Structures are given as C-alpha cells and as structure tokens.
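A.B. asks: Below is the sequence, then the predicted model.
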Amino acid sequence: MSSAELQERITRLEDIEAIKQLKARYCEICDHEGYDADAMASLFTEDGRWDGEGVGKAEGREAIRELFAGFPKGIAGAQHIVANPLIDVDGDRARGVWYLIAGVSDGTKSEWGTGRYHEEYVKQNGEWKFRRVRVKSTAASDAPSTLQRARHVTEEGR
C-alpha cells in the first residue's frame, strides 16, 4: 500500500468519526431541556433541511433554528439513542443512515419509539455539517412513567 492510499484511508476514517461526533452533538442538543436552537442550527448548512415525520419540517438554517426554538413548548423531555451508522463518504459529501430509539415526553405522557435517520452531510471549511436530516418513524408505544423518571435522573446527573 502506498503512502497516498494509506492517507486516503485515514482521511476516510477521520471523516466517518467526525460525522459520528456531529450526530452525537445533535443528540446532546435534542436531549437537554430548552433545545439550544442556535447550537442546533449551527450544525446545518445554510441550505440545510430537517424533516421530522409528523413533528415538523424546516428548510434553511434560520427555519431550522425557529423550529427547534419552538420544540420546548411541546416536548418536555427527550432521550435519543442512535446506533448502527452506515456512513458512505465521497470526498466532501457523505450519506448516512442511523437506527433511532427515542423516548419523548410532553410533560403528561411519555412515548418510546423507533425509527431511522436518513442524512446527507457536506464538509465545509474542514467541518462536517448536516445538509439534510430526515427522520422516519417505524414504531411507537406508550411509556407511562419511565421517561419522566429517566429525565429526572438525567437532570440530576448534569
């Protein structure tokens, strides 16, 4: 293997890890009370899109900021668990699919659900950003009190 081939492989692995860190920051923002809309918007390109089946849709960084700024009104708590990423990097563009398990509460009732994220990423100025995030729900069920307890424990642990 030549040094150029080795460097190409290392760059690809670094890009995949950077995309995983981008997704981890996304989940961290989603799971803390108040949804830091500015922080969330900063993860997207100017022309980014977010499409959360049945939850909301936004096109453009400012619209994404406004959408996430409104989430605390209807979502009292959330816990995102993402796994099994399939990330395909092609230069400064990439696509990814993630499995999702999420608990969400509106303050009176809680729900556990599963789904998949379908995402597109763009590397701008050496930093990966979301170009498109689409969430597709696959199942949901009531979780009467478990998420409320989990939210309480999470807040104490900060």
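C.D. replies: Done, it's in.
A.B. asks: contacts and neighbour counts: CA atoms only from here.
C.D. replies: Will do.
A.B. asks: Count the residues that sit near G48.
C.D. replies: Per other CA atoms under 10 Å, the neighbour tally for G48 reads 23.
A.B. asks: So for the longest helix anywhere in the chain, what gets flagged as buried?
C.D. replies: Ranked by residue count, the top helix of the chain under DSSP state H comes out as helix 3-30. Across helix 3-30, burial judged by 16 or more other CA atoms under 10 Å covers R12, D15, I16, A18, I19, K20, L22, K23, Y26, C27, I29, C30.
A.B. asks: Which residue is the nearest non-sequential neighbour of the third one?
C.D. replies: Put plainly, it is I16. I87 (6.6 Å; CA to CA, 6 or more residues apart in numbering).
A.B. asks: Report all helices and strands that the helix or strand where Y99 lies contacts.
C.D. replies: For Y99, the host element (DSSP states H and E) is strand 93-105. Judged by 3 or more CA pairs under 8 Å, 6 or more residues apart in numbering; DSSP states H and E, the packing partners of strand 93-105 are strand 77-90, strand 110-124, helix 146-156.
A.B. asks: any idea which of those is most buried?
C.D. replies: strand 110-124 (a mean of 19; mean count of other CA atoms under 10 Å).
A.B. asks: what is the orientation angle of whatever helix or strand comes next after it with helix 3-30?
C.D. replies: The helix or strand immediately downstream of strand 110-124 is strand 127-142, counting by DSSP H and E. Taking axes from the mean of the first three to the mean of the last three CA atoms, to 10 degrees, one finds strand 127-142 and helix 3-30 inclined to each other by 50 degrees.
A.B. asks: Strand 127-142 pairs with which strands?
C.D. replies: Partner strands for strand 127-142, per DSSP bridges, with pairing direction: strand 44-52 (parallel), strand 110-124 (antiparallel).
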